[in-house]
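In: fold the following, please.
(2 chains)
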Amino acid sequence: MRYGMVIDLKRCIGCHTCAMACKVANNLPDDMWWNRILTIGGETMDTADGTYPNDLRMSFVPLNCQHCDDPPCAKVCPTGATYKRAEDGLVLVDSDKCIGCRMCMTACPYTARSFNWKEPEYYAGHALGDADASEHQFNTVEKCDFCAHRLTRGEEPACMELCIGRARTWGDLDDPRSAVNVKLNGRQYVQLLDEKGTGPAVYYLT
Amino acid sequence: MKKNTWVIVLAVLAAVGATAWAIQLTNGLEATGLGVYSTWGLYIVGFEFFTGIAAGSLILSAAPYLFKTLEDLRPFSRVAAYIGTVCPVVVAGLFILVDVGQPVRIWLIILSAQLTSPVLWDTLILAAYVVIGLLLAHRLTQVAHGLRDASTLRPLAWVAFVAGLLVTVTSFIFALQVAQPLWNTPAEPLSFLLCAIAAGFSFLIIVSVVLRKLGQVQAPSGMLARLGAIVAVCLAGQLILVLSEVAIGYYGRADQASAIRWLVQGNGAPFFWIELTCLVAAIACLVGKQVRYVVLGAALALFAVFLLKYNMIQAQLVNPLIGLAGPPNYSGVIDTIYVPSMIEFGVSIGAVAVGGLFAVLGYNRLGPKKTSASATSAAAG
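Out: Residues are numbered from 1 along each chain as shown, chains lettered A, B, ... in the order given. Now for the predicted structure:
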């Protein structure tokens, strides 16, 4: 079994709701985003590229951990804090083993990893999300874990639920009848930086 | 007395570094100039730089006992083994210690070791450098006091020589990363070796001049010019690598093109052009035979190697493969250079000062001593 996600770029409207859902579900501290909606366009988020009025372009790429088949981050981790879970292919971080060397951050081609540069702080003064979300440790690295705590409860990742455009599909890549494989069937897709040999578990329909 | 002044100055600087580190540990790495993209900075540059000096020095301390043409450099081997190898490795190790977010867990590198991690390989190589450097200095002291024959040194000298060449493996921490195209090239291990020999030999040229001023070990005549020539050759090789990189960056749209263009004509340009100027100037000075030019060339070479490492790190990290704009902290578009914070400068000065303390305090134990009794006590250290 190998969990994966399909994201239909034609259905993504760049509303950032999935990023918010992720932030809340996982108690992400201030300034940290495990799931980010990148803008293909201008130099800042949510701005278009080109010239007004006829030549403007803007589209989006939701980016989170790609849960690679051969994760460069897990390979370089000196302590095994980052590892690939054999039973479902999730790439996870054991914060208690992370020494904070940030080797995995330089190893990740997707810049998908985040570091707790300071003691985690919250705008509300306390964490607001799921009680069983993973802990955020000072001076350690963390990232999207496909909402491992929600999977334990038999639920899907938080980013799946609130997507207005129903752009995301979730399931087992090894099962030919799973929702992800049905969705992929007959559609053109890309995998980000697949040429780097990482084997991402996130597919983007184009 | 003069030595005491040095010890006091270095101890004060080390205390400054310790204070800065304490601030960094309590506030988190937020106290540094690092961020989402610039995940590594001055500490890793310092680590590379001092590892290089150590490896180059290890090669220089061993080579005179392996190759006939270098035999006249033997009197300098002891200094190279201790001040050139052991002390810089201490500094390099400290740079890693201050760079990690959770230094209390650093032992997990060994206790929870992952064989696939280049961090483990580097840790083992650095540890080996300390052991080999100390052992070599100890044996060389025994030889100097007539307690041991020079010919018995050959096995250890071979080990030291090969260990020095293994600086190529320390480059794997960078060279194996598919995410960083500027580093992900077979030229990286070669560059590390060239930089190590250049930095190690330059460092020893300067150390030998200082020691001569202090009336200590006299460097063999003509040694400086010969070392200088070797440094010049290594820098010339490095210059070819740098210029080839520029050619690759400008010929097409290779993965590393954005990083290279950022260096040559973007925000990184001042760094790059100073680096290039220093490289060329160092080569020009080092081919001169006069001692003062060689010393100036050695200083320029050290600065050039430092800038080379600095630019390699920042040029790549601020030009990630996916540079699209995202939420504020993940803006993608990088319009600044990496500048270390005052805390990083303080910690770095402290780390170097600790290395200096090791050099000053340890040197006397290597110094010329007459009786075999004191030689034994020196060996015990």
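In: next, name the residue at the spatial heart of the chain.
Out: As the question left the chain open, I've gone with chain A. residue A:64 (1.9 Å; C-alpha atoms, centre = their mean).
In: could you do chain B instead?
Out: Closest-to-mean residue, chain B, C-alpha atoms, centre = their mean: residue B:50 / 2.2 Å.
In: show me what the helix or strand containing it packs onto, helices and strands only.
Out: Mapping residue B:50 onto the secondary structure by DSSP states H and E places it in helix B:42-62. Judged by 3 or more C-beta pairs under 8 Å, 6 or more residues apart in numbering or on different chains; DSSP states H and E, helix B:42-62 is in contact with helix B:77-79, helix B:87-99, helix B:118-144, helix B:154-165, helix B:167-170, helix B:187-213, helix B:291-317, helix B:342-366. Glycine gets a C-beta too; all of them are placed from N, C-alpha and C.
In: would JSON lines of those with distance to residue A:2, mean pLDDT and mean neighbour count be doable?
Out: Listed next are the helices and strands packed on helix B:42-62 as JSON lines, based on distance: least, C-beta to C-beta, whole Å; pLDDT from 0 to 100; neighbours: other C-beta atoms under 10 Å in any protein chain shown:
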{"stretch": "helix B:77-79", "distance to residue A:2": "57", "mean pLDDT": "89", "mean neighbour count": "26"}
{"stretch": "helix B:87-99", "distance to residue A:2": "34", "mean pLDDT": "97", "mean neighbour count": "25"}
{"stretch": "helix B:118-144", "distance to residue A:2": "27", "mean pLDDT": "94", "mean neighbour count": "20"}
{"stretch": "helix B:154-165", "distance to residue A:2": "42", "mean pLDDT": "96", "mean neighbour count": "18"}
{"stretch": "helix B:167-170", "distance to residue A:2": "33", "mean pLDDT": "94", "mean neighbour count": "21"}
{"stretch": "helix B:187-213", "distance to residue A:2": "33", "mean pLDDT": "94", "mean neighbour count": "23"}
{"stretch": "helix B:291-317", "distance to residue A:2": "31", "mean pLDDT": "95", "mean neighbour count": "23"}
{"stretch": "helix B:342-366", "distance to residue A:2": "41", "mean pLDDT": "91", "mean neighbour count": "20"}
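In: quick one, which of those helices is nearest to residue B:38?
Out: Closest approach to residue B:38 among these (C-beta to C-beta): helix B:291-317, 5.0 Å.
In: how about the closest one, does it reach chain A?
Out: Yes. Helix B:291-317 reaches chain A (C-beta under 8 Å from any C-beta of the partner chain) through residue B:317.
In: other SSEs contacting that helix?
Out: Packed against helix B:291-317 by the contact rule (3+ C-beta pairs under 8 Å, 6+ apart) you find helix B:42-62, helix B:187-213, helix B:223-251, helix B:257-265, helix B:269-286.
In: angle of the second one against helix B:342-366?
Out: Helix B:187-213 runs at 60 degrees relative to helix B:342-366, counting by axes from the mean of the first three to the mean of the last three C-alpha atoms, to 10 degrees.
In: repeat that for the last one.
Out: If you take the same axes, to 10 degrees, helix B:269-286 sits at 20 degrees to helix B:342-366.
In: now helix B:269-286, how far from the centre of its chain.
Out: Centroid separation for helix B:269-286 versus its chain: 18 Å, with C-alpha atoms, centre = their mean, to the nearest Å.
In: using CSV, write out every CA atom in it.
Out: Extracted C-alpha coordinates of helix B:269-286, given in CSV (Å, rounded to 0.1, in the frame of the first residue of the first chain):
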residue,chain,number,x,y,z
ALA,B,269,28.0,39.7,-8.0
PRO,B,270,30.2,41.6,-5.5
PHE,B,271,31.0,38.4,-3.7
PHE,B,272,31.8,36.6,-6.9
TRP,B,273,34.0,39.2,-8.5
ILE,B,274,36.0,39.7,-5.2
GLU,B,275,36.4,35.9,-5.1
LEU,B,276,37.7,35.8,-8.7
THR,B,277,40.0,38.8,-8.2
CYS,B,278,41.5,37.2,-5.0
LEU,B,279,42.0,33.9,-6.9
VAL,B,280,43.9,35.6,-9.7
ALA,B,281,45.8,37.9,-7.4
ALA,B,282,46.8,35.0,-5.1
ILE,B,283,48.1,33.0,-8.1
ALA,B,284,50.1,36.0,-9.3
CYS,B,285,51.7,36.5,-5.9
LEU,B,286,52.4,32.9,-5.2
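In: my guess is residue B:227 contacts residue B:201. True?
Out: Yes. Contact criterion C-beta atoms under 8 Å: residue B:227 and residue B:201 qualify, at 4.7 Å.
In: who touches both of these two?
Out: Taking C-beta atoms under 8 Å, 6 or more residues apart in numbering or on different chains as the contact criterion, the common neighbours of residue B:227 and residue B:201 are residue B:60.
In: could you look over the helices and strands packed on helix B:291-317 and pick the most buried one?
Out: helix B:42-62 (a mean of 28; mean count of other C-beta atoms under 10 Å in any protein chain shown).
In: where along chain A do the helices fall?
Out: Secondary structure of chain A by DSSP state H: the helices cover A:17-25, A:72-76, A:103-107, A:148-152, A:158-161, A:179-184.
In: follow-up on the earlier one: mean confidence (pLDDT) on the helix holding residue B:50, please.
Out: Here helix B:42-62 scores 96 as its mean pLDDT.
In: and the angle from that helix to helix B:187-213?
Out: Using the same axes, to 10 degrees: helix B:42-62 against helix B:187-213 is 70 degrees.
In: what sits closest to residue B:278 if chain neighbours are left out?
Out: residue B:304 (3.8 Å; C-beta to C-beta, 6 or more residues apart in numbering or on different chains).
In: residues touching the one you found, list them.
Out: B:235, B:275, B:278-279, B:282.
In: at 10 Å instead, please
Out: B:195, B:198-199, B:202, B:235, B:238-239, B:242, B:274-283, B:297 (C-beta atoms under 10 Å, 6 or more residues apart in numbering or on different chains).
In: would you mind measuring from residue B:80 to chain A?
Out: 30 Å (C-beta to the nearest C-beta, to the nearest Å).
In: pLDDT value on that residue, please?
Out: pLDDT at residue B:80 comes out at 91.
In: for residue B:147, see how far away the nearest residue to it once chain neighbours are set aside is.
Out: Nearest residue to residue B:80 in three dimensions, chain neighbours excluded: residue B:61, at 3.7 Å (C-beta to C-beta, 6+ apart). Distance of residue B:61 to residue B:147, computed by C-beta to C-beta, to the nearest Å: 19 Å.
In: closest residue of chain A to chain B?
Out: Evaluated by C-beta to the nearest C-beta, chain A has residue A:100 as its residue closest to chain B, separated by 2.3 Å.
In: now that residue: closest residue in space that isn't a chain neighbour?
Out: Per C-beta to C-beta, 6+ apart, closest to residue A:100 is residue B:101, 2.3 Å.
In: would you say the one you found is within a helix?
Out: No. Using DSSP: H, G, I helix; E, B strand; the rest coil, the assignment for residue B:101 is coil, not a helix.
In: run a quick neighbour tally on it.
Out: Close neighbours of residue B:101, defined as other C-beta atoms under 10 Å in any protein chain shown, add up to 22.
In: that one is in contact with residue B:29, isn't it?
Out: Yes. Contact between residue B:101 and residue B:29 holds when scored by C-beta atoms under 10 Å: they sit 5.7 Å apart.
In: shared neighbours of those two, anything?
Out: A:100, A:102, A:115-117, A:138-139.
In: those residues: which two are farthest apart?
Out: Among the shared contacts of residue B:101 and residue B:29, A:102 and A:138 lie farthest apart (C-beta to C-beta), at 14.0 Å.
In: of the two, who's got more company?
Out: Using other C-beta under 10 Å as the criterion, residue A:102 and residue A:138 rank with residue A:102 on top: 22 against 18.
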